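Q: model this:
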Amino acid sequence: MSKLIGLSLSRAKKMLFEPFSLRKWLWLTLIAYLAGALGAGWSGTRNVGRVADMGKAAGGKTTARAAGGGAGAAAAGAMETQAPPAEEKPLTDKLRRTWNRVRNYTSLHKAVVAVVGGATALFILLFMWLGARFRFVWLNAVMKNTAEIAGPFDDFARQGNALFGFSLVILGAWILLLLGGGRWAFLAAKTAGMLEAGHAWSIGETLRLFLPIVAAMGAVGVLTALFSFCVRQFVTPIMALGETGLVAAFWTWFGIAWKRKGAFVLYCVTWLALKIAAIILMVLLGLALVLAFLVCGAVLFGIAYFVLAAWLKLKMLFLAVAVVLGIPFVLLLIALSLAIRLPFAVFFQSFALYFLSSLECGYEPLPLRAEDAGEV
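A: Next up, the predicted model:
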């Protein structure tokens, strides 16, 4: 594996720095982004805000309940009377009332929800289709050391559309699986009486009911992740080189991997270790980039504020300048945060292609000989 790692590092260096071309770097970043090759790194932070908002909402409800309880106790002490506690409703009644409220929405509300939902679905499908088509544009870029888009986009149209169809099948299967798992969990909880008012929940009962569901979903998730990993790493290169469909390419790769099980397991372990190291390095580079932009932004906007708002008393002009400078400033930060991932994406794609070549299975997306590798 050390030879493959060295060749992959040399490949990334040659593609991006020998010679350095800003135009090529930007086009490759766009291709890699649309192909989903820049996904490793900082993808888990977008849910932090939602969790924080949920925590704030829960805290606000708790505070309101505490305040309401205190006021109610004071009123009860003054009147020496206390209203009987409201009867707790079963969870099934709450779900039924929620469904009835949804059914009573006006036609305008339903139309707005339908339009927004439909537009969101079309947007997701569009990016899934672009991701499938640009997957082969990205493979062509790494194999041929080029940033061309139009030619590969048309040349690999059949393979890209086949990959898109496969993605739709996987998406539909997961939706059905989640719906089935949710119905399974709901019926199990309802049968056990866990949705009734005043039910005493216990850890043992919860594990007994839901652990088989979680285990089944987890097993399917692991198998799906392994299957998708093989498709992205090896099946799509075989589709590109052999001009075959996805099913034929998958069975071709399955036969190759079965014969070289030891090499494949070693590749997966090495890939995982390299991926963890790459994520750590990308996080550090991302933090350094954000810190540099914060310092530059503080200097730039600080000078503008001092001159326009504090000295000349032109606060509206400062706001206009801040908006004009802030938009490209943020866009540049986003572009650079994507661009610093590009060397990692080229390295990992090259690593997969070199490994496929090393299996001597009739497919050689990248030559293993150093003198030939330097010419491509």
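
Q: report pLDDT for L178.
A: pLDDT, L178: 81.

Q: neighbours of the closest residue to it other than its chain neighbours, just the number please.
A: In this structure, L178 finds its nearest non-sequential neighbour in M217, 8.0 Å apart by Cβ to Cβ, 6 or more residues apart in numbering. Quick note: C-beta positions are derived from backbone N, CA and C, even for glycine. Residues lying near M217 (other Cβ atoms under 10 Å) number 17.

Q: now do the helix or strand where M217 lies, average pLDDT.
A: Taking DSSP states H and E as the criterion, the element that holds M217 is helix 203-230. For helix 203-230, mean pLDDT rounds to 79.

Q: helices or strands up against that helix?
A: Contact here means 3 or more Cβ pairs under 8 Å, 6 or more residues apart in numbering; DSSP states H and E; on that basis helix 203-230 packs against helix 157-191, helix 246-259.

Q: mean neighbour count added to the ones you listed, as JSON lines?
A: As requested, the helices and strands packed on helix 203-230 are arranged in JSON lines below (neighbours: other Cβ atoms under 10 Å):
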{"stretch": "helix 157-191", "mean neighbour count": "15"}
{"stretch": "helix 246-259", "mean neighbour count": "16"}
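
Q: now do the same contact list for T244.
A: By Cβ atoms under 8 Å, 6 or more residues apart in numbering, the residues touching T244 are I238, T252.

Q: can you classify it as helix, strand or coil?
A: Put simply, T244 is coil when judged by DSSP: H, G, I helix; E, B strand; the rest coil.

Q: for A310, see how far away it is.
A: Note on T244: its distance to A310, by Cβ to Cβ, to the nearest Å, is 67 Å.

Q: just how off-centre is the strand or helix carrying L130 within its chain?
A: Using DSSP H and E, L130 falls within helix 107-144. Centroid displacement of helix 107-144 relative to its chain, using Cα atoms, centre = their mean, to the nearest Å, is 14 Å.

Q: quick one: mean pLDDT for it?
A: For helix 107-144, mean pLDDT rounds to 87.

Q: hang on, the earlier thing: can you pull the contacts of the residue nearest to L178?
A: L177, L178, G181.

Q: make it 10 Å
A: The neighbourhood of M217, defined by Cβ atoms under 10 Å, 6 or more residues apart in numbering, consists of W174, L177, L178, G180, G181, W184, A185.

Q: any idea of the pLDDT on the fifth one?
A: At G181 the predicted local confidence, pLDDT, stands at 74.

Q: so which bits of stretch 350-368 are buried?
A: 350-359, 361, 363-366 (16 or more other Cβ atoms under 10 Å).

Q: F156: which of those residues is nearest?
A: P365 (13.5 Å; Cβ to Cβ).

Q: for the closest one, helix, strand, or coil?
A: For P365, the assignment made with three-state DSSP gives coil.

Q: residues in contact with it?
A: Residues in contact with P365 (Cβ under 10 Å, 6+ apart) are 139, 142-144, 234, 237-238, 240-241, 349-350, 352-357.

Q: let's go with 7 Å and repeat that
A: Taking Cβ atoms under 7 Å, 6 or more residues apart in numbering, we find P365 in contact with M143, P237, L241, L353, L356, S357.

Q: coming back round to it: between the helices and strands packed on helix 203-230, which gets nearest to L338?
A: helix 157-191 (21.8 Å).

Q: helices and strands around the closest one, which ones?
A: With contacts defined as 3 or more Cβ pairs under 7 Å, 6 or more residues apart in numbering; DSSP states H and E, the packing partners of helix 157-191 are helix 107-144, helix 203-230, helix 236-242, helix 246-259.
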